[in-house]
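A.B. asks: take this sequence and fold it.
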Amino acid sequence: QVDLVESGGRSVQAGASLSLSCAASGRIYSSSVMGWFRQAPGKEREFVALIRWHSGTTLYGDSVKGRFAISKDNPANTVYLHMNSLKPEDTAVYYCARGSQYSSDRRDYYNWGQGTQVIVAS
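C.D. replies: Here you go, the predicted structure:
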């Protein structure tokens, strides 16, 4: 088990760009899948994006497709979420997670960070 620490969340205006980071305290194994999820107040945790650690294959949630991009730095054991054209509905706590399945289901992830808050003002 490694600790995942998210950073980069802050308040921005609609239309702005923001990048989040998720640093792992130890090595992320090549079989891992790293995901980003988000949770707005009163809503369920929603899938945002994932990336296969070995191949770099990505998958995006419909609500962020074309605006967000996930990337990774293997030697640094860090995964990023680059967010463009932010909307007020993107306001949420963003969580990084590690799993072993190529899956958008949060139940397939067993290692979670504490989250970082993103607020998008209109």
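A.B. asks: might you report the residue contacts of the residue nearest to the spatial centre of the chain?
C.D. replies: Nearest to the mean C-alpha position of the chain, by Cα atoms, centre = their mean, lies residue 36 at 2.3 Å. Residue 36 is in contact with 20, 22, 48-50, 70, 79, 81, 94-97, counting by Cβ atoms under 8 Å, 6 or more residues apart in numbering. In short, each C-beta sits where N, CA and C put it, glycine included.
A.B. asks: which one of those residues sits closest to residue 115?
C.D. replies: Closest to residue 115 out of the contacts of residue 36 is residue 95 (4.7 Å), distances taken as Cβ to Cβ.
A.B. asks: I'd assumed residue 83 was in contact with residue 60.
C.D. replies: No - under the criterion of Cβ atoms under 8 Å, residue 60 is not in contact with residue 83, lying 11.5 Å apart.
A.B. asks: and these two? Which one has more around it.
C.D. replies: Taking neighbours as other Cβ atoms under 10 Å, residue 60 and residue 83 compare with residue 83 leading, 25 against 18.
A.B. asks: specify the beta-bridge partners of that one.
C.D. replies: Going by DSSP bridges, residue 83 is paired in beta bridges with residue 18, residue 68.
A.B. asks: got a list of what it touches?
C.D. replies: 17-20, 64, 67-68, 90, 118.
A.B. asks: and if you look at residue 70?
C.D. replies: 34, 36, 49-51, 58, 60, 79-82.
A.B. asks: for residue 62, give me the pLDDT.
C.D. replies: What the model reports as pLDDT for residue 62 is 98.
A.B. asks: where does it land in three-state SS?
C.D. replies: Of the three states, residue 62 takes coil according to DSSP: H, G, I helix; E, B strand; the rest coil.
A.B. asks: what number of residues lie near it?
C.D. replies: 7.
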